[in-house]
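coordinates for the following, if possible.
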Amino acid sequence: MPEIDVEKLLIEKSKLIDAAIERWLPRKYDERSLERTFGNPRFKYNISAANLAISAPAWDLLDRGGKRWRPALLLLVCEALGGDAERFLDWAVVPELVHNGTLMVDDVEDSSELRRGKPCTYKLFGTDIAVNAGNALYYIPLQVLLNAKLPAERLKRAYEIYAQEMINISYGQAMDIAWHRGLADADRITEEEYLQMCAYKTGTLARMAAKLGAVAAGADEKAIEKVGRLAESLGLAFQIQDDVLNLTAAEERGQFVKDYIGEDIHEGKRTLMVIYTLGKASAADRKRLIEILGMHTSDKGLIAEAIGIMQKYGAMEYARERAAALVRDAWKDAEKLFKPGFARDAIAALVKFAAERRW
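Okay, the predicted model is just below:
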């Protein structure tokens with residue numbers, strides 16, 4: 001079988017996924033779609049408010065792109081485990097809407113300027129609208145599960161997965177915020193603590209997607225947990241590679257990779273590269289890197305200095321190797337679960353892409 005082009009695959013899947021999203025989050029609410037979403041009003045809905053404060057900011061962000069790899073993974077896992085992915089297409093809405101909701105809220109928490117090459121949602125629509133719309137995207141996709149026709153035990157398992165992962169993501173974000181604010185012994189974080197933060201902050205929605213795909217396929221609990229661990233490792237690899245790209249490339253292949261070089265340094269984030277450098281650096285270099293991170297600077301010279309310190313100790317190379325090892329080991333543990341065919345090959349290609357990507 002010819003090698004699968006992951007970029008092309010994700011573009012094709014994104015069209016189906018976006019159409020599914022529109023069924024649950026209309027670009028323009030009307031009386032009927034409001035009633036389907038919120039129930040029959042006791043008094044009277046204001047349609048304009050729903051469009052201006054939920055739909056418009058949500059679709060402004062969704063239309064900027066994004067890889068849609070989490071919902072694609074849900075569908076591929078379902079198919080590779082013998083399920084009917086077409087029947088469960090709407091389930092792909094769940095991790096994607098939650099993901100975009102977290103981006104809206106994260107940007108407020110991080111005081112970010114740009115998201116996918118454009119001003120962040122709160123910059124365009126206001127902080128109040130961004131936070132509320134982001135929170136709405138956590139819960140609107142639950143309607144997909146509420147309307148699912150499945151045996152009670154399988155549906156209960158889907159709800160449990162959603163609920164636990166939503167709890168996990170809050171703790172992952174708490175760890176990240178505490179560290180980039182210099183709290184909780186931020187300068188003595190271990191690699192294991194960092195990876196646990198990523199497993200909850202970034203890995204959790206990938207894990208949610210894969211586990212929901214496995215539930216949709218009717219898989220047993222052992223298979224659900226194994227594909228969840230594979231997806232978590234994919235999420236970790238994507239986060240690590242994102243962090244590397246943040247320091248090494250602002251634009252590649254004609255599209256934004258990250259919004260600008262060194263944004264993570266400006267935010268004071270303790271990435272795997274920072275943690276590795278702090279563990280290897282001389283006392284002077286360690287002190288200087290911590291100092292620059294604590295400044296939350298936008299000065300290009302200082303950002304370049306911090307990047308130079310990390311490059312000096314081979315932090316980027318170490319991070320890429322760690323990402324590759326994580327997904328390689330997880331794939332070995334999960335690959336035998338999947339039946340031979342396109343979906344299995346596509347998951348394998350996604351695993352390789354996560355470990356090696358440059359965009």
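
pretty sure residue 103 contacts residue 115?
Yes: using C-beta atoms under 8 Å, residue 103 is in contact with residue 115, at 6.3 Å. Glycine gets a C-beta too; all of them are placed from N, C-alpha and C.

and for the two, which residues touch both?
61, 121 (C-beta atoms under 8 Å, 6 or more residues apart in numbering).

between those two, which has more neighbouring residues?
residue 115 (23 against 20; other C-beta atoms under 10 Å).

what helix or strand is the closest residue in space to that one that isn't next to it in sequence on?
In this structure, residue 115 finds its nearest non-sequential neighbour in residue 107, 5.7 Å apart by C-beta to C-beta, 6 or more residues apart in numbering. For residue 107, the host element (DSSP states H and E) is helix 93-110.

buried residues in stretch 97-114?
Counting neighbours by 16 or more other C-beta atoms under 10 Å, one finds that the buried residues in stretch 97-114 are 97-108, 110, 112.

please disregard the earlier target; I meant stretch 230-245.
230-245.

could you give the mean pLDDT of that stretch?
In this model, stretch 230-245 carries a mean pLDDT of 92.

how far off centre is that stretch?
Centroid displacement of stretch 230-245 relative to its chain, using C-alpha atoms, centre = their mean, to the nearest Å, is 9 Å.

now swap in stretch 163-183 and tell me
The chain centroid and the centroid of stretch 163-183 are separated by 14 Å under C-alpha atoms, centre = their mean.

got the buried residues for it?
If you call a residue buried by 16+ other C-beta under 10 Å, then stretch 163-183 has these buried ones: 165, 166, 168, 169, 172, 173, 175, 176, 177, 178, 179, 180.

please name the nearest non-neighbouring residue to residue 67.
residue 10 (5.4 Å).

same question, residue 24
In space, and not counting its chain neighbours, residue 24 is closest to residue 93: 5.3 Å by C-beta to C-beta, 6+ apart.

distance of that neighbour from residue 127?
Distance of residue 93 to residue 127, computed by C-beta to C-beta, to the nearest Å: 26 Å.

which one's more surrounded, these two?
Neighbour count, other C-beta under 10 Å: between residue 93 and residue 127, residue 93 has more, with 24 against 13.

all strands of the stretch 151-300 of the chain, in order?
251-252, 255-256 (DSSP state E, counting those that start in this stretch).

count of residues packed around residue 311?
Burial of residue 311 is recorded as 15 neighbouring residues (other C-beta under 10 Å).

circling back to that earlier point, export the helix holding residue 107 as PDB, just CAs?
Output of helix 93-110 as PDB, limited to C-alpha atoms (Å, rounded to 0.1, in the frame of the first residue of the first chain):
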ATOM      1  CA  VAL A  93     -17.400  17.000  17.200                       C
ATOM      2  CA  VAL A  94     -16.800  16.300  20.900                       C
ATOM      3  CA  PRO A  95     -13.000  16.600  21.200                       C
ATOM      4  CA  GLU A  96     -12.700  19.200  18.500                       C
ATOM      5  CA  LEU A  97     -15.200  21.700  20.100                       C
ATOM      6  CA  VAL A  98     -13.700  21.100  23.500                       C
ATOM      7  CA  HIS A  99     -10.200  21.700  22.000                       C
ATOM      8  CA  ASN A 100     -11.200  25.000  20.500                       C
ATOM      9  CA  GLY A 101     -12.900  26.000  23.700                       C
ATOM     10  CA  THR A 102      -9.600  25.500  25.600                       C
ATOM     11  CA  LEU A 103      -7.800  27.600  23.100                       C
ATOM     12  CA  MET A 104     -10.100  30.500  23.600                       C
ATOM     13  CA  VAL A 105      -9.700  30.300  27.400                       C
ATOM     14  CA  ASP A 106      -6.000  29.500  27.400                       C
ATOM     15  CA  ASP A 107      -5.300  32.700  25.300                       C
ATOM     16  CA  VAL A 108      -7.000  34.800  28.000                       C
ATOM     17  CA  GLU A 109      -5.100  33.000  30.800                       C
ATOM     18  CA  ASP A 110      -1.800  33.500  28.900                       C
END
